[in-house]
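Novice: My questions are about this predicted structure, shown below with the sequence.
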Amino acid sequence: MAARSKAGLGYVAPTEGNGNTCIIDKGDTGTEESHRYYLARRTISEMLRDRGCVIADYEITRSLSEFRLVFGDQPDPDHLRICVPLSSRHSKMILVIFCGPGEINKAKATHILLNITNKDSLHQIILVLQGKMNHFAQTVFKGSEVKLEIFQITELFVNITKHVAIPKHEILTGEEKEQILKKYELTDNQIPYIRVDDAIARYYGLEKKQVVKVTYNSEITGSFVTYRCVI
């Protein structure tokens with residue numbers, strides 16, 4: 001029997017005949033589906049907090065077993081939704097919608113948008129997909145008045161900002177950006193760039209022309225600060 005990956009987490013199933021099993025296989029008797037949702041929802045919660053949203057601590061510290069007690073071993077994606085306010089504007093919310101397996105077509109996209117309430121208070125919608133989204137569904141979402149971001153669930157199994165190789169990123173306010181430009185006598189296009197579709201830029205929800213302060217601190221490079229402009 002060939003080895004297979006569980007939730008993209010390095011899980012290896014036991015090979016037939018050799019009697020070997022992985023530690024995760026022994027310790028985790030729940031479903032792979034619930035494990036995937038658990039990891040993705042935890043990373044989304046961390047992401048929202050890093051974007052300045054009000055997130056309860058338990059959404060981040062909750063264990064896998066606690067998650068299963070709340071949402072079950074076969075979680076209903078609709079019950080996994082998160083809707084939280086921005087700490088700077090409590091009247092504006094970010095809504096996270098977890099989509100079930102299968103392709104998102106025009107009918108499903110239309111259904112998702114029609115079933116969103118209080119759209120006037122929404123600052124942003126984040127969709128977490130398990131399958132593909134076809135062209136017709138993309139057209140439906142592009143017509144939405146609310147800003148929409150899309151992540152595949154596999155992108156959320158780990159928080160990339162916690163990787164040891166990733167430097168610290170801090171988003172500058174408009175005023176802080178102008179101070180940096182003035183201090184170094186620069187324009188936007190003279191600052192080293194980061195692409196808007198870069199994984200870090202997507203994590204923080206950065207938009208074009210925003211500037212981030214990047215702090216490196218390692219034994220090899222030493223400690224230094226640089227800036228990146230989103231393009």
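Specialist: Yep, that arrived.
Novice: what's the burial count for residue 193?
Specialist: 15 (other CB atoms under 10 Å). (Each C-beta comes from the backbone N, C-alpha and C, glycine too.)
Novice: for the residue nearest to it when sequence neighbours are not counted, what are its contacts?
Specialist: Excluding the flanking residues, the one nearest residue 193 by CB to CB, 6 or more residues apart in numbering is residue 231, at 4.6 Å. Neighbour list for residue 231: 193, 194, 195, 196, 208, 209 [criterion: CB atoms under 8 Å, 6 or more residues apart in numbering].
Novice: Kindly report the same for residue 139.
Specialist: By CB under 8 Å, 6+ apart, the contact set of residue 139 is residue 106.
Novice: Go ahead and report the secondary structure state at it.
Specialist: Assigned by DSSP: H, G, I helix; E, B strand; the rest coil, the conformation of residue 139 is helix.
Novice: report the longest helix in the chain, please.
Specialist: helix 32-50 (DSSP state H).
Novice: Quick one: list the elements packing against it.
Specialist: Judged by 3 or more CB pairs under 8 Å, 6 or more residues apart in numbering; DSSP states H and E, the packing partners of helix 32-50 are helix 58-61, helix 64-71, strand 82-85, strand 93-98, strand 122-129, helix 199-204.
Novice: I'd like the ones you listed laid out as JSON lines, including mean neighbour count.
Specialist: As requested, the helices and strands packed on helix 32-50 are arranged in JSON lines below (neighbours: other CB atoms under 10 Å):
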{"stretch": "helix 58-61", "mean neighbour count": "13"}
{"stretch": "helix 64-71", "mean neighbour count": "14"}
{"stretch": "strand 82-85", "mean neighbour count": "18"}
{"stretch": "strand 93-98", "mean neighbour count": "22"}
{"stretch": "strand 122-129", "mean neighbour count": "19"}
{"stretch": "helix 199-204", "mean neighbour count": "18"}
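Novice: Residue 159 is nearest to which of the ones you listed?
Specialist: Nearest of the helices and strands packed on helix 32-50 to residue 159, taken as CB to CB: helix 199-204 at 8.0 Å.
Novice: What residues does residue 72 make contact with?
Specialist: Contacts of residue 72 by CB under 8 Å, 6+ apart are residue 34.
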